[in-house]
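>>> okay, here's the prediction I keep looking at, along with the sequence it came from:
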Amino acid sequence: MSDLLWPGDDRAGDLFSDAAVLAAMVRVEAAWLHALVVREIAVPEADDDLHKLIDAGDAARIAADAEAGGNPVIPFLSLLRERLGERNGTAAFWVHRGLTSQDVLDTALALCLREAVARLRTDIATQITALTRLADEHRGTPMAGRTLTQHAVPITFGVKVVGWLEAVLDARAGLDVPLAARLGGAAGTLAAPAALAGSARGALDLAATTAAALGLPHRIRPVSFTHLADALVSCTDAWGHIANDVLLASRPEIGELSEARGGGSSTMPQKQNPTLSVLIRRAALAGPALAATMHACAAADVDERPDGSWHVEWASLRTLARRTVTAGSQTADLLTGLRVNADRMAATLAAARPGIDAEQARFAGHTDAAYSGAADEIIDNALARARETG
């Protein structure tokens with residue numbers, strides 16, 4: 001999967017592609033079919049391997065046919081049953097029996113989101129390693145602190161990095177949003193599964209067995225993806241701050257930071273654009289609107305399956321997840337290769353004197369180049385948190 005108008009999208013690979021979503025839907029159907037057999041609801045002959053019956057080549061057909069029923073599960077299931085019936089009529093009869101479209105699609109989305117979170121955790125680990133190294137190496141690198149775009153007081157670059165690190169650690173913690181298999185039947189009562197199993201307890205056991213096979217906890221009611229959307233935006237918020245600071249500090253007239261490898265220009269050969277920072281900032285600007293769409297969907301929920309708001313979630317989640325994963329990879333590369341020009345930082349600080357020392361003169365009665373407050377302690381505390389939660 002690629003997106004010509006979102007440079008770097010290829011970093012997300014097959015994540016949330018049509019093929020990936022179809023594969024996740026097959027996994028849900030296969031887990032349910034197997035659970036029907038395990039729970040002795042379906043006959044043993046119904047058990048079958050579904051995983052090669054639907055592939056990426058079917059995506060266009062299923063997408064085109066999805067309009068009639070309003071969701072892709074209906075044509076997907078029709079094709080799955082047709083192909084399964086050619087070799088195992090019993091399995092074709094039992095596949096999807098007791099499930100509904102929302103069960104399959106919401107659970108498949110949860111599987112795709114779980115993969116996205118795993119990818120993010122890997123890249124965030126790389127980011128944290130790079131940030132802890134930068135903070136420790138530059139705990140004594142003096143620079144001008146800036147507030148409201150103006151020089152404030154002297155700080156160290158290590159303290160600045162700690163601000164980035166704390167936000168990234170918070171974002172990582174926010175990814176601990178539980179994802180679940182949504183298996184509730186037509187209107188969230190497990191009525192059909194209970195009829196098949198002969199009891200409410202049997203229906204719950206059937207759903208729990210399916211969820212366990214997918215490595216997910218079970219929920220009967222529809223899964224809310226809003227919290228995870230917020231967690232994804234918290235990631236791009238944190239990375240956007242880093243990108244913004246790098247963009248400012250990499251301006252030629254400042255020159256305190258630079259990317260390891262700048263991007264070029266189609267007409268100006270001298271340019272070394274901070275391309276990674278630009279693209280990370282792009283994701284940070286685009287993410288909140290997608291999360292807002294998810295909140296709008298949650299606010300518009302009605303009945304046991306919403307009309308329209310449920311449908312909006314699918315593409316919003318796909319876009320937000322892919323863009324966040326892409327930005328996470330780009331941020332890892334940015335921080336791993338970030339170049340720090342300590343001499344330019346020192347020169348900027350020197351040029352800002354004596355004005356930048358005004359607070360020190362006011363409260364200490366004198367000026368001292370070592371005016372850095374609790375910088376070392378702040379850095380040590382952040383590094384300890386990174387180690388403890390690592």
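That came through, no problem.
>>> can you pull the buried residues of whichever helix in the chain runs longest?
Criterion DSSP state H: the longest helix present in the chain is helix 101-137. Neighbour-count burial for helix 101-137, counted by 16 or more other CB atoms under 10 Å, picks out 101-117, 119-120, 123-124, 126-128, 130-132, 134-135. Placement of C-beta: from N, CA and C, glycine included.
>>> again with stretch 140-149
Counting neighbours by 16+ other CB under 10 Å, the buried set in stretch 140-149 is 141-146.
>>> what about that stretch, start to end distance?
23 Å (CA to CA, to the nearest Å).
>>> give me the mean pLDDT for it.
Computed over stretch 140-149, the mean pLDDT rounds to 96.
>>> swap in stretch 204-219?
96.
>>> run a quick neighbour tally on residue 60.
10 (other CB atoms under 10 Å).
>>> whichever strand or helix holds it to helix 101-137, inter-axis angle?
Applying DSSP states H and E as the criterion places residue 60 in helix 59-69. If you take axes from the mean of the first three to the mean of the last three CA atoms, to 10 degrees, helix 59-69 sits at 120 degrees to helix 101-137.
>>> mind saving the C-alpha coords of helix 59-69 as PDB?
Provided in PDB are the C-alpha atoms of helix 59-69 (Å, rounded to 0.1, in the frame of the first residue of the first chain):
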ATOM      1  CA  ALA A  59     -10.200  -6.500  -2.400                       C
ATOM      2  CA  ALA A  60     -11.400  -4.500  -5.500                       C
ATOM      3  CA  ARG A  61     -14.400  -6.900  -6.000                       C
ATOM      4  CA  ILE A  62     -15.400  -6.900  -2.300                       C
ATOM      5  CA  ALA A  63     -15.000  -3.100  -2.100                       C
ATOM      6  CA  ALA A  64     -17.200  -2.600  -5.200                       C
ATOM      7  CA  ASP A  65     -19.900  -5.000  -3.800                       C
ATOM      8  CA  ALA A  66     -19.800  -3.400  -0.300                       C
ATOM      9  CA  GLU A  67     -22.000  -0.500  -1.300                       C
ATOM     10  CA  ALA A  68     -25.100  -2.600  -1.600                       C
ATOM     11  CA  GLY A  69     -25.100  -3.600   2.100                       C
END
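>>> mind giving me the packing neighbours of that helix?
Packing contacts for helix 59-69, counted by 3 or more CB pairs under 8 Å, 6 or more residues apart in numbering; DSSP states H and E, involve helix 18-38, helix 73-85.
>>> number of residues surrounding residue 40?
Neighbour number of residue 40 under other CB under 10 Å is 10.
>>> tell me the secondary structure at it.
Three-state call for residue 40 (DSSP: H, G, I helix; E, B strand; the rest coil): coil.
>>> tell me the pLDDT of it.
We note a pLDDT of 96 for residue 40 in this prediction.
>>> low-scoring pLDDT stretches of this protein, where are they?
For the chain, the stretches with pLDDT under 70 are 222-223, 262-271.
>>> how does it look with 50?
Applying pLDDT under 50 to the chain flags the ranges 265-266, 268-269.
>>> residue boundaries of the strands in it?
Counting by DSSP state E, the chain has strands at residues 142-147, 150-156, 181-182, 218-219, 257-258, 339-340.
>>> the fourth one pairs with which strands, parallel or anti?
Strands that pair with strand 218-219, judged by DSSP bridges, come out as strand 181-182 (parallel).
>>> which outside residues touch the partner strand?
Residues outside strand 181-182 that contact it (CB atoms under 8 Å, 6 or more residues apart in numbering) are 28, 102-103, 106-107, 110, 207, 210-211, 214, 216-223.
>>> ChimeraX command for the buried members of these?
To isolate the buried subset of those in ChimeraX, counting by 16+ other CB under 10 Å, use the following:
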select :28,102,103,106,107,110,207,210,211,214,216,218,219,220,222,223
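>>> check contacts around residue 169.
Residues near residue 169 by CB under 8 Å, 6+ apart: 128, 382, 385-386, 389.
>>> of those, keep whichever come out buried.
128, 382, 386.
>>> let me have these in JSON lines, extended by distance to residue 60.
Putting those into JSON lines (distance: CB to CB, whole Å) gives the following:
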{"residue": "128", "distance to residue 60": "41"}
{"residue": "382", "distance to residue 60": "49"}
{"residue": "386", "distance to residue 60": "46"}
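>>> what's the closest of the residues you listed to residue 273?
Nearest to residue 273 among these, counting by CB to CB, is residue 128 at 26.6 Å.
>>> apart from its chain neighbours, what residue comes closest to that closest one?
residue 386 (5.5 Å; CB to CB, 6 or more residues apart in numbering).
>>> hang on, the one you found packs against residue 134?
No. Counting by CB atoms under 8 Å, residue 386 does not reach residue 134; the two are 11.7 Å apart.
>>> quick one: the helices in the stretch 251-390 of the chain?
Counting by DSSP state H, counting those that start in this stretch, one finds helices in the stretch 251-390 of the chain at the ranges 275-299, 309-336, 342-351, 358-364, 375-388.
>>> distance to residue 78 added to the contacts of residue 169, as JSON lines?
JSON lines is the format used below for the contacts of residue 169 (distance: CB to CB, whole Å):
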{"residue": "128", "distance to residue 78": "47"}
{"residue": "382", "distance to residue 78": "55"}
{"residue": "385", "distance to residue 78": "52"}
{"residue": "386", "distance to residue 78": "51"}
{"residue": "389", "distance to residue 78": "47"}
